[in-house]
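Student: heads up, no residue letters with this:
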DNA sequence: CCATCTTTTGAGAGCTACTCTCATTTCATG
DNA sequence: CATGAAATGAGAGTAGCTCTCAAAAGATGG
């Protein structure tokens, strides 16, 4: 049957055969999707085509990803960012912490796998600005990430995570940061994204601790 | 055939018969939708049912509203808000202006048609927090309104409407305000929404003029 | 009032994302 | 190798949405 569709990262060596296969199909589906989108565009790409190229059935595609948009967008980095935020010194201001962890995770990704940043991240951003369905999904996931971030923000400021101020401030930040990346994409990725993010954060007050 | 499905506001007297009929079907579709949603919920309500109750064909429904979510959400008030902002004194700070016009338009709507605010607005807010598809659509339209608002913000601050700062600041505001209404809805509309909005705006810097 | 032209509508076919069910295959385990 | 559990495929079904084309309804000029 289908073997060696993809090669796995070293980190996956200790997984059971089942788990490894699952990971493989997951990656195969995502790669197939990226390929097809680059060839034909997002809308012209059907789930059936994706399934064909990934050598699985359409049912399987939906078993791995709830929606077509999720194939493109699913990432597992958000909780990581929250952990990073938690590990910053407590006397640092919230905005400074954010600046640091964004810078940190971006340079991390950049040195770890530069082609990923160039190819995948920019494709995502492009789809986000161009395809309404994808953008909606991004915003949807933004409000989920926002909830996570709320907890971290609450910790740092000694407030409750359900405080109006915490929630409103956090979602304001997320909206602004999202807009910054849209701006960057619309301007053909000119200039340093990190600079734009600095300028973005500079338009915010610090949320006072209490 | 179908006559007198709905009564029209006085403002529509001078329209041609054709225009008046169009308006009627539009309103009929929306009312049918609201009714069905209150009876069965959003997802359980199909476009076919909506068409049946509004006494039109499904094709017609889609001719009037591009998507099912739009039936619930379409409003034509956003440009009005931008005009209001434009009419505020130039020496007033941006945040103060926003506070004023939000207060103004809400009390206007409240005195004009209180049942609308109670019924329709709260239904919308509830759908927005509960139905993912609707929320996405709201966010989508938020970024459109954001563009409008950018122009007004740019005018007031003597910046360009495509400035990173303008765009980022504006979208931050919109995200925060949206979150405030979600907060209000989740807390069963307790307390004064206007107070929540004041507290929301208080978490923002003023965007300096240049 | 009638004829003609234009706009709006309805009927229906078609596409695709997404769900569910059930039988079959593939891996894990004693 | 046998038995149980998990993953897959095949297929049918739903609903949102698009498109086409012919019929109905409103506008207009004589």
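Tutor: The structure has been received and is ready for your questions. It should be emphasised that the depicted structure is a prediction, and the values quoted were computed from it without experimental measurement.
Student: Next, the angle helix B:132-157 makes with the helix or strand where residue A:156 lies.
Tutor: For residue A:156, the element it lies in under DSSP states H and E is helix A:132-157. Calculated by axes from the mean of the first three to the mean of the last three Cα atoms, to 10 degrees, helix A:132-157 forms an angle of 70 degrees with helix B:132-157.
Student: Would you mind pulling up the elements that helix A:132-157 packs against?
Tutor: helix A:68-73, helix A:78-86, helix A:94-112, helix A:122-130, helix A:164-186, helix B:132-157 (3 or more Cβ pairs under 8 Å, 6 or more residues apart in numbering or on different chains; DSSP states H and E). All C-beta spots, glycine's among them, are computed from the backbone N, C-alpha and C.
Student: Tell me if it is near DNA strand D.
Tutor: No. Judged by Cβ under 7 Å from any atom of the strand, helix A:132-157 and DNA strand D are separated, with a smallest distance of 9.8 Å.
Student: Buried residues in that helix, which are they?
Tutor: A:133-143, A:145-146, A:148-154, A:156-157 (16 or more other Cβ atoms under 10 Å in any protein chain shown).
Student: where does the residue minimising distance to the centre of chain A land on pLDDT?
Tutor: In chain A, the C-alpha nearest the mean C-alpha coordinate belongs to residue A:75, at 4.9 Å (Cα atoms, centre = their mean). For residue A:75, the pLDDT comes out at 78.
Student: Name the SS class of it, please.
Tutor: Secondary structure, DSSP: H, G, I helix; E, B strand; the rest coil: residue A:75 is coil.
Student: Against DNA strand D, how distant is it?
Tutor: 20 Å (Cβ to the nearest atom of the strand, to the nearest Å).
Student: so who does residue A:171 touch?
Tutor: Counting by Cβ atoms under 8 Å, 6 or more residues apart in numbering or on different chains, residue A:171 touches A:143, A:146, B:175, B:176, B:178, B:179.
Student: Show the contacting residues for the residue in chain A that chain B sits nearest to.
Tutor: Per Cβ to the nearest Cβ, the residue of chain A with the smallest distance to chain B is residue A:175, at 2.6 Å. By Cβ under 8 Å, 6+ apart, the contact set of residue A:175 is A:142, B:171, B:172, B:173, B:174, B:175, B:176.
Student: Just flag the most distant two among these.
Tutor: Spatially, the most separated pair among the contacts of residue A:175 is A:142 and B:173, at 15.5 Å (Cβ to Cβ).
Student: What parts of chain A come near chain B?
Tutor: Those residues of chain A that sit near chain B, judged by Cβ under 8 Å from any Cβ of the partner chain, are A:132, A:135-137, A:139-140, A:143, A:146, A:164-165, A:167-176, A:178-180, A:183, A:196, A:199-200, A:203-205, A:207.
Student: near DNA strand C, which of the residues you listed show up?
Tutor: When Cβ under 7 Å from any atom of the strand is taken as the criterion, no member of the residues of chain A next to chain B contacts DNA strand C.
Student: got a list of contacts for stretch A:180-193?
Tutor: A:106, A:122, A:125-126, A:128-129, A:196-197, A:199-200, B:164, B:167-168.
Student: Mind putting the residues you listed into TSV with pLDDT and neighbour count?
Tutor: Below are the contacts of stretch A:180-193 laid out as TSV (pLDDT from 0 to 100; neighbours: other Cβ atoms under 10 Å in any protein chain shown):
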residue	pLDDT	neighbour count
A:106	89	15
A:122	93	14
A:125	95	18
A:126	95	16
A:128	94	22
A:129	94	17
A:196	97	20
A:197	97	21
A:199	98	14
A:200	98	27
B:164	98	20
B:167	98	25
B:168	98	28
